[in-house]
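Visitor: Could you work out the structure for the sequence below:
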Amino acid sequence: MRNKGLLFLITNLPSHLIVEILARLPPKKIIECKSVCKKWLELINEPYFASFHFALSIPSLVVHQTEIFKNFFKIVHFDDKYDHHSLPRDTMLKFNLNSLSIFSDSNIVVDGSIHGFLLVRDINYKHETLYICNPLTREYFQLPSPKGLVRYPSVVTHGFGVSLISREYKVVRIFHERELHPRNRSCVRVPYSETQVYTLGKGSWKTIGGAPFAYDSRSIGLFFEGSLHWLIQDLEAAHDLISSFDLENEEFRPIPPPFGPRRKLLGSLGVLKGCLCLCDNTSNFEIEIWVMKEYGVEESWGREYSIKKIPELSGPSYQIVHALKVFKDGNILIVWGNFFMLYCCIKSEVAKEVDMDQPIEPSSIEAIHYVPNFRSLRMFSIEKVNKF
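Guide: Predicted coordinates for the structure are as follows:
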């Protein structure tokens, strides 16, 4: 009787108070609250609730794990305190994106994340397809097929972000035809390239010309400060640079890396503590993380962290390392290749695998930053929105 009385009291609170309470719950709990009563379902489905909740949303991760015969995604939240850190299991929300595709042999990956919307790609070359989805509302729509079939040695890379002034959401696709060195198969020339932009809600791709430099299909465009960023190769100068694509004026510009010319990198771009960073795994003994403290200013680059490699991972490597987060207690969350997610403690030089049901059998793991959002994809009125 007592629990029933409490439930009656809560469900009959004024609507604005219910919204205040529900918006502060983890997304997994909010979805469960939709089943409590019709009133809560209607409140959670209101655009006002989505906007209010998004303003309170705490940055999280979307983690993609694959095993034999399994392919699933999780929304993972940070528990970040000065005395401890974790990725609590009880708030993890699983979802399966393979149902987006009508093909049984689809291979789904996430190529971008902005404001709770994901850019999702079926990388099976027989039916390469792009989707935008919101895992919380279980909505998605398919993008029109772009020009340029991807057949080896051609490559394609994507980025997803929002322009700072017009607030338009845009997908950028860079397509390269390549000539490879006959012995080491490295790219020596790009005879043809094309940059295409799809603005959500417009219904068609726009070609804006070629793309400077040589891009790698292993990297996706990192959104930061209104631009997409790729770590790229300048074939003429024979060294690596950062290519930035401004989503407002749709123009490329180079950003110098923290090193001098002619240094080859085994690196990835990221955002740590609100700054652009470069994580380099070239050394046999340590992982270097460089941070650009003032965006666009070359002199503001500095080596902020040095992570000593554990014996099992030391020596020559071909794996790209992604730095995801610096916790308040000083630990750094990284993904090694697509094999391990690790906590790295700078002080003790100890690395520990994250407890996320990572299986022992052959598997892979990837992660991308994500901010939970209950806004409906129907805000892009021209798009054909479906449920999964």
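Visitor: which residues of the stretch 101-250 of the chain score low on pLDDT?
Guide: For the stretch 101-250 of the chain, the stretches with pLDDT under 70 are 237-238.
Visitor: what about the strands in it?
Guide: 108-114, 117-122, 129-134, 139-142, 155-162, 169-180, 187-199, 205-209, 222-224, 227-234, 239-246 (DSSP state E, counting those that start in this stretch).
Visitor: Quick check: which of the ones you listed is buried the most?
Guide: strand 117-122 (a mean of 24; mean count of other CB atoms under 10 Å). Quick note: C-beta positions are derived from backbone N, CA and C, even for glycine.
Visitor: mind giving me TSV with the strands of the stretch 101-250 of the chain and columns for distance to Thr282?
Guide: Formatted as TSV, those follow (distance: least, CB to CB, whole Å):
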stretch	distance to Thr282
strand 108-114	25
strand 117-122	28
strand 129-134	32
strand 139-142	38
strand 155-162	21
strand 169-180	22
strand 187-199	19
strand 205-209	33
strand 222-224	19
strand 227-234	12
strand 239-246	10
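Visitor: Tell me which of those sits nearest to Glu294.
Guide: Proximity to Glu294 (CB to CB) singles out strand 222-224 among these, at 13.1 Å.
Visitor: Would you list the strands that that closest one pairs with, along with their directions?
Guide: strand 227-234 (antiparallel) (DSSP bridges).
Visitor: ok so, going back, figure out which of the strands of the stretch 101-250 of the chain is closest to Val291.
Guide: Comparison of the strands of the stretch 101-250 of the chain against Val291 by CB to CB identifies strand 222-224 as nearest, at 12.3 Å.
Visitor: Show residues contacting the closest one.
Guide: 112, 114, 159-162, 228-230, 269-271, 276, 295 (CB atoms under 8 Å, 6 or more residues apart in numbering).
Visitor: hmm, 10 Å instead?
Guide: Strand 222-224 has contacts (CB atoms under 10 Å, 6 or more residues apart in numbering) with 112-115, 159-162, 170, 172, 228-231, 242, 244-245, 247, 268-271, 274-277, 292, 295, 368-369.
Visitor: returning to that earlier point: of all the strands of the stretch 101-250 of the chain, which lies closest to Lys387?
Guide: Using CB to CB, these put strand 139-142 closest to Lys387, at 6.2 Å.
Visitor: Counting by contacts, list what the closest one packs against.
Guide: Packed against strand 139-142 by the contact rule (3 or more CB pairs under 10 Å, 6 or more residues apart in numbering; DSSP states H and E) you find strand 117-122, strand 129-134, strand 386-387.
Visitor: got the angle between the first one and strand 187-199?
Guide: Taking axes from the mean of the first three to the mean of the last three CA atoms, to 10 degrees, one finds that strand 117-122 is oriented at 130 degrees with respect to strand 187-199.
Visitor: Please apply the same query to the second one.
Guide: Angle of strand 129-134 versus strand 187-199, following the same axes, to 10 degrees, is 50 degrees.
Visitor: Walk me through which strands strand 129-134 pairs with, and which way each runs.
Guide: When sheet partners are counted by DSSP bridges, strand 129-134 sits next to strand 117-122 (antiparallel), strand 139-142 (antiparallel).
Visitor: Work out the gap between the helix or strand containing Ile18 and the centre of the chain.
Guide: Using DSSP states H and E, Ile18 falls within helix 15-22. In terms of CA atoms, centre = their mean, to the nearest Å, the centre of helix 15-22 is set 30 Å apart from its chain centre.
Visitor: Which elements pack onto the helix or strand that comes right after it?
Guide: Counting by DSSP H and E, the next helix or strand C-terminal to helix 15-22 is helix 27-33. Packed against helix 27-33 by the contact rule (3+ CB pairs under 10 Å, 6+ apart) you find helix 15-22, helix 38-44, helix 47-56, strand 93-95.
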